[in-house]
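Undergrad: Please work out how this folds:
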Amino acid sequence: MDVIAFEEKAAAATVPDAVRIAPVDQVAVALRELAAGERLKVAGLDIIVREGIGRGHKIALHPIASGDLVHRYGWPIGTATRPIAAGNHVHSHNLATNLKAEEPYGFAPASPVALPSTPGRWQFDGYLRDDGSVGTRNEIWIIPTVGCVARTAERIARQAADRHAGRIDDVVAFPHPLGCSQLGDDLDGTARLLAALACNPNAGGVLLIGLGCEENQLAALIERIPVERRARVRSVGAQMSADEYQDATDSIDALVALASQDRREPVDIGALRLGLKCGGSDGLSGLTANPLIGQIADVVTGAGGQAILTEIPEIFGAERLLMQRATNRAVFDALVGLVNRFKRYFIDHGEPISENPSPGNVAGGITTLEEKSLGAVQKGGHAALTDVLAYGERVRRPGLALLEAPGNDAVSTTALAAAGATMTLFSTGRGTPLGSPVPTLKLATNHDLAQRKPGWIDFDAAMVLDVGLDAATDALMAHICAIASGGRARNEVNGERDIAIWKRGVTL
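TA: Prediction:
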């Protein structure tokens with residue numbers, strides 16, 4: 001699927017009223033509000049709009065019989081539940097999902113796609129770490145083992161940030177409510193996530209703060225961190241300390257003394273670890289921001305870098321596109337296992353696997369999960385799928401990795417940072433101020449959002465419709481390099497630096 005090659009390619013001169021993506025599609029997507037009675041020319045067809053249709057919503061280009069498969073992006077997005085006339089609105093009232101539970105899949109790899117090669121064209125100034133990774137920030141991160149000392153961590157971070165202003169990029173605490181009253185796999189997931197977060201290249205130093213009586217014991221957490229990383233890690237146990245604030249102050253001072261010696265150095269864009277995320281999607285997400293992010297992922301992975309795709313429930317219905325790109329049978333089998341395991345997770349909790357589109361998604365024009373997924377997977381571009389990561393695992397090899405995590409914005413952006421992302425590109429059609437531990441660039445899918453929420457939005461991806469994909473890619477790449485070199489993303493300016501941990505077990 002190459003959704004960028006849609007028939008009405010946007011040119012700088014004119015933007016069409018509606019666009020059909022692939023020749024087999026029976027629907028087009030409105031790029032503006034359409035009024036009943038309007039006449040449109042779409043894909044060489046003369047269409048009379050039969051009812052008001054919102055921007056990002058679908059209009060039928062041909063008569064569709066009840067029971068027919070309806071295509072968008074060249075793939076089925078559902079089945080018509082009643083006859084639909086040309087010019088009618090196609091949405092939840094006349095289109096239903098076809099998604100099923102666990103499915104058998106066959107390994108049928110597609111020919112690899114040649115990725116762009118741009119040696120030396122895109123660079124940023126980053127921090128080289130001892131393990132070969134490169135950070136876009138040089139910060140001290142304070143990570144509590146348990147929610148009981150979360151506010152303690154925040155107070156320590158505020159004081160240290162003022163004390164060391166100008167010596168490093170920042171001192172940031174990441175409070176959370178977990179770490180105690182957890183058992184088994186649930187506790188293990190929390191510990192793996194926090195230990196992986198402590199290894200992110202954007203942290204020039206890490207202070208772990210424990211209470212002492214929690215299940216997520218401080219000593220065990222440190223054992224999960226690679227030995228070579230521990231030179232940049234300090235710890236304080238509050239119950240055992242005579243003065244946890246003084247001990248934390250001394251530890252941070254020592255970490256700052258190390259981190260303040262680090263200097264930015266020019267590196268190729270292949271040194272970037274890029275998280276890929278969407279939230280508050282609308283009907284234009286699959287036309288503007290997500291394909292644009294896919295282009296950036298191709299540039300980064302084409303240069304030998306790493307891109308991380310997650311939100312597993314938001315690939316249901318499009319998983320075969322990723323399976324075709326698996327580099328070997330082991331990666332394919334891991335992907336099949338992850339998808340079916342996640343479907344079973346829904347079923348075991350008595351939930352249908354198709355109930356992912358949120359009220360905001362539906363209002364923005366997305367009807368079924370298949371439609372949402374086909375738009376969402378475009379963030380992964382065309383790179384080969386080289387790895388499948390469990391929740392709390394870190395990136396291991398160049399290329400595109402798929403990371404186990406749900407679609408929840410806070411949980412998935414945290415998982416991306418723990419996996420090693422040093423910047424995350426986040427497409428949104430509805431808007432959100434949410435951030436993550438790393439620079440989290442918000443890409444608006446439409447001009448209206450970018451204009452209404454300049455305090456949230458880092459880049460107006462709707463420019464794809466005005467100037468074309470290539471020019472938009474160049475503009476976004478320049479912005480990414482500036483942010484990676486020390487420019488501040490909107491989430492950083494606004495202090496939106498939060499984490500959320502995926503809790504899956506009982507609470508004692």
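
Undergrad: For stretch 430-438, what does the pLDDT average out to?
TA: Confidence over stretch 430-438 (mean pLDDT, whole number) is 97.

Undergrad: list the buried ones in that stretch?
TA: 430-432, 434-438 (16 or more other Cβ atoms under 10 Å). Yep, even glycine has a C-beta here, placed from its N, CA and C like the rest.

Undergrad: Could you point out the helix or strand that follows the longest helix anywhere in the chain?
TA: Criterion DSSP state H: the longest helix present in the chain is helix 329-348. Beyond helix 329-348 on the C-terminal side, the first helix or strand identified by DSSP states H and E is helix 359-363.

Undergrad: how far is that next one from where the chain is centred?
TA: 19 Å (Cα atoms, centre = their mean, to the nearest Å).

Undergrad: Mind listing what's buried along it?
TA: For helix 359-363, by 16+ other Cβ under 10 Å, it's 360-363.

Undergrad: follow-up on the earlier one: show me the two of the buried residues of stretch 430-438 that sit farthest apart.
TA: The most widely separated members of those, counting by Cβ to Cβ, are R430 and P437 (23.0 Å).

Undergrad: okay, now G126: neighbour count?
TA: Neighbours of G126 under the rule other Cβ atoms under 10 Å: 25.

Undergrad: Phi first, then psi, for the residue nearest to it when sequence neighbours are not counted.
TA: Excluding the flanking residues, the one nearest G126 by Cβ to Cβ, 6 or more residues apart in numbering is V134, at 4.1 Å. Per-residue torsions, V134: phi -130, psi 120 (degrees, to the nearest 10).

Undergrad: In contact with V134: list those residues for me.
TA: V134 is in contact with 126-128, 201, 267, 271-272, 422, counting by Cβ atoms under 8 Å, 6 or more residues apart in numbering.

Undergrad: how far away is the closest residue to S181 other than its chain neighbours from P144?
TA: What sits nearest to S181 in space, not counting adjacent residues and going by Cβ to Cβ, 6+ apart, is L508, at 4.0 Å. Relative to P144, L508 is positioned 19 Å away (Cβ to Cβ, to the nearest Å).

Undergrad: How about the contacts made by the residue positioned nearest the centre of the chain?
TA: In the chain, the centroid-proximal residue (Cα atoms, centre = their mean) is K277; its distance is 1.6 Å. Contact partners of K277, counting by Cβ under 8 Å, 6+ apart, are 310-311, 379, 409, 412-413, 416, 424-427, 440.

Undergrad: That one: helix or strand, and which one exactly?
TA: Following DSSP H and E, one finds K277 within strand 273-278.

Undergrad: Skip ahead from that strand and say which helix or strand is next.
TA: Scanning forward in sequence from strand 273-278 by DSSP H and E, the next helix or strand is helix 289-302.

Undergrad: neighbouring strands for the helix or strand just after that following helix, and are they parallel or not?
TA: Moving toward the C-terminus from helix 289-302, the next helix or strand (DSSP H and E) is strand 306-309. In the sheet, strand 306-309 lines up against strand 273-278 (parallel), strand 399-403 (parallel) (DSSP bridges).

Undergrad: May I see the buried residues of strand 306-309?
TA: Those buried within strand 306-309 under the rule 16+ other Cβ under 10 Å are 306-309.

Undergrad: so how far is that strand from its chain's centroid?
TA: How far strand 306-309 lies from its chain's middle: 9 Å, per Cα atoms, centre = their mean.

Undergrad: tell me the mean pLDDT for that strand?
TA: 98.

Undergrad: what does stretch 132-150 give?
TA: 98.

Undergrad: Please spell out which residues along stretch 56-64 are buried.
TA: Neighbour-count burial for stretch 56-64, with 16+ other Cβ under 10 Å as criterion, is recorded at 56-61, 64.

Undergrad: Show residues contacting it.
TA: Counting by Cβ under 8 Å, 6+ apart, 18, 20, 25-30, 34, 40, 42-43, 45, 47, 49, 53, 70, 72, 80, 83-91, 282-284, 364-365, 367, 429, 446 sit against stretch 56-64.

Undergrad: Let's see that with 7 Å instead.
TA: Outside stretch 56-64, the residues that touch it by Cβ atoms under 7 Å, 6 or more residues apart in numbering are 18, 20, 26-30, 34, 42-43, 45, 47, 49, 53, 70, 72, 80, 84-91, 282-284, 364-365, 429.

Undergrad: returning to that earlier point: run a quick neighbour tally on the residue nearest to S181.
TA: What L508 shows, counting by other Cβ under 10 Å, is a neighbour count of 8.

Undergrad: Could you tell me the end-to-end distance of stretch 141-158?
TA: Start-to-end span of stretch 141-158 (Cα to Cα, to the nearest Å) is 12 Å.

Undergrad: Which strand or helix spans the closest residue to V233 other than its chain neighbours?
TA: Counting by Cβ to Cβ, 6+ apart, V233 lies nearest to V206, which is 4.8 Å off, once chain neighbours are set aside. Assigned by DSSP H and E, V206 falls within strand 203-210.

Undergrad: which of the residues in the helix or strand following that strand are buried?
TA: Per DSSP H and E, the first helix or strand lying C-terminal to strand 203-210 is helix 218-223. For helix 218-223, a neighbour-count test (16+ other Cβ under 10 Å) marks 218, 221-222 as buried.

Undergrad: go on, stretch 455-473?
TA: Applying 16+ other Cβ under 10 Å to stretch 455-473 flags 456-466, 469, 472-473 as buried.

Undergrad: Which one of those is nearest to A101?
TA: A461 (34.3 Å).

Undergrad: where does the stretch 151-300 of the chain have low pLDDT?
TA: By pLDDT under 70, the stretch 151-300 of the chain has no low-scoring segment.

Undergrad: What would the strand or helix carrying G126 look like as PDB? C-alpha coordinates only.
TA: According to DSSP H and E, G126 maps onto strand 123-128. Extracted C-alpha coordinates of strand 123-128, given in PDB (Å, rounded to 0.1, in the frame of the first residue of the first chain):
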ATOM      1  CA  GLN A 123      22.400  15.900  10.800                       C
ATOM      2  CA  PHE A 124      21.800  17.000  14.400                       C
ATOM      3  CA  ASP A 125      24.000  17.800  17.400                       C
ATOM      4  CA  GLY A 126      23.600  15.000  19.900                       C
ATOM      5  CA  TYR A 127      25.200  13.600  23.000                       C
ATOM      6  CA  LEU A 128      27.200  10.400  22.400                       C
END
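
Undergrad: Show the residue spans covered by the helices in the protein.
TA: 150-163, 184-197, 218-223, 244-259, 289-302, 319-323, 329-348, 359-363, 369-376, 409-419, 447-452, 463-467, 469-484, 490-493.

Undergrad: pretty sure the residue nearest to V233 is touching E139, no?
TA: No - judged on Cβ atoms under 7 Å, V206 makes no contact with E139 at a distance of 9.5 Å.
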